[in-house]
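[1] Pasted the sequence and its predicted model underneath.
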Amino acid sequence: MEGQQGGIRSTRMAARSDPTKPWPRRLDGAWLKPAAPADPAGNASDPGSLAEFQARGACVPFETPALQAARVRADDREGMCLLLRNFASNNATYVLPWDAVPSTIPMTTRDRALHHEVAAVKALTPRAMRSAMRTVAAAGFAGEEAQAAVVQSITEDRKRAAELQATVLVRALDACGFSREYDSVRKLELVTTPAALRTAASALRMSPSQLFATTELVAQELLPVGMRLPTNASDPDQAGPLRRMLAQLGSFSHHLRERIDGAPPSLRAQYERAANAADATIEQTNRAFARIDRELANMHILLTAWSTRRDNLRREFDQVYWLLDGWEPTIEHYTQKLTDWLTLSQEGTLAILSSLAPPNASASRSPREPESV
């Protein structure tokens, strides 16, 4: 059972003989306890189920070293709680009430702002966490560079949404057999071309205003994921940040496997486990993207039945968010510290990488390449 090995040395508490009983731990005025498993009965559900992801919690991108790879999840008694993996260097996971975090662990101003925002909006999912982090950066708590990047990303998102909306309409026209009539129309102009809207709306039995509003909604939903375009397409790359993150993870997995043979013998097994975690994530994310892309391939059907198909598509997007949760900040940390790590530091970060594997993922995986971009 995760979190029942060892403890925090400063408590001087011996391990209980019955691991199912409550086991509080105290650190600087706050009570910690080992994390309970998602299913006390030990019943395994399907790999990567939403309930398992929620039980594991969403990664919180704190910059404070003691809070690296921290997660937040709902708690029946506290409302929200923080999960700290390997906090006592014993490979256990400890739980801390969310409100007690700032008074227990020294935090930077940026981390305090993020802690406050997460509580204010109850950011318990990766999607909500990204939004909370963006709010903190926009307010300047992450520095001027991050603040400027948020402003720029807002402008870029508007442009991408217009491009996606045009692509959605083009695909609907193509499905209805009218795309050749609009080959010469630039994509960014297409959404304001009345003839194109009237043609597509008539074929889909929708009013032009209704079609425009629906394509606008679809484009906004697609922003995190984007569209998978043919390799020979002349369109600008419309892959969203989640597709780009998957491509980055594929490169990172390849890097981890290249380092296995050259790593110190004591670290080779950990590199292998980290690479397996990346491969398992890639495999399951590719399957999720395949389901998304099948839905997007029938754009005319998606548009006419958007009100009923939207929720299913959102669930698939959320699955991708959960699968890729935590990889981006951990890869960034790994890259920054690669040249000056001590073996102990490498062990800790490789253990965090291994923990990012999808719930119930098989420990033995063959290398996979991302397929969705």
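    Yes, it's here.
[2] so where is this protein shaky, pLDDT-wise?
    Regions of the chain meeting the criterion pLDDT under 70 cover residues 1-48, 88-91, 179-193, 229-237, 337-345, 362-373.
[3] can you map out the strands along it?
    For the chain, strands defined by DSSP state E occupy the ranges 25-27, 30-34, 58-59, 71-75, 79-85, 93-97.
[4] Mind listing what's buried along the fourth one?
    Using 16 or more other Cβ atoms under 10 Å as the burial criterion, the residues of strand 71-75 that qualify are 71-73. The C-beta positions use only the backbone N, C-alpha and C, and glycine is treated the same way.
[5] Kindly point out the strands partnered with that strand and how each is oriented relative to it.
    strand 58-59 (antiparallel), strand 79-85 (antiparallel) (DSSP bridges).
[6] The buried residues of strand 71-75 into CSV, with extra columns for distance to T135?
    Shown next, in CSV, are these (distance: Cβ to Cβ, whole Å):
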residue, distance to T135
R71, 19
V72, 16
R73, 20
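[7] got the domain boundaries for this protein?
    9-142, 146-222, 241-355 (automatic domain parsing).
[8] how about those, which one is nearest R228?
    domain 241-355 (5.2 Å; Cβ to Cβ).
[9] From the chain's centroid, how far away is that closest one?
    Offset of domain 241-355 from its chain centre (Cα atoms, centre = their mean, to the nearest Å): 8 Å.
[10] First-to-last residue distance for it?
    Domain 241-355 has its terminal residues 22 Å apart, counting by Cα to Cα, to the nearest Å.
[11] Which residue, neighbours along the chain excluded, lies closest to R73?
    G57 (3.5 Å; Cβ to Cβ, 6 or more residues apart in numbering).
[12] tell me the contacts of R310?
    The neighbours of R310, taking Cβ atoms under 8 Å, 6 or more residues apart in numbering as the test, are 217, 221.
[13] just the strands paired with strand 71-75: most buried one?
    Comparing the strands paired with strand 71-75 by mean neighbour count (mean count of other Cβ atoms under 10 Å), strand 58-59 ranks first with a mean of 24.
[14] Now do that one: everything it contacts.
    Residues beyond strand 58-59 that count as contacts (Cβ under 8 Å, 6+ apart) turn out to be 69-73, 123-126, 128-129, 322, 325-326, 329.
[15] Tell me the buried residues within these.
    69-73, 123-126, 128-129, 322, 325-326, 329.
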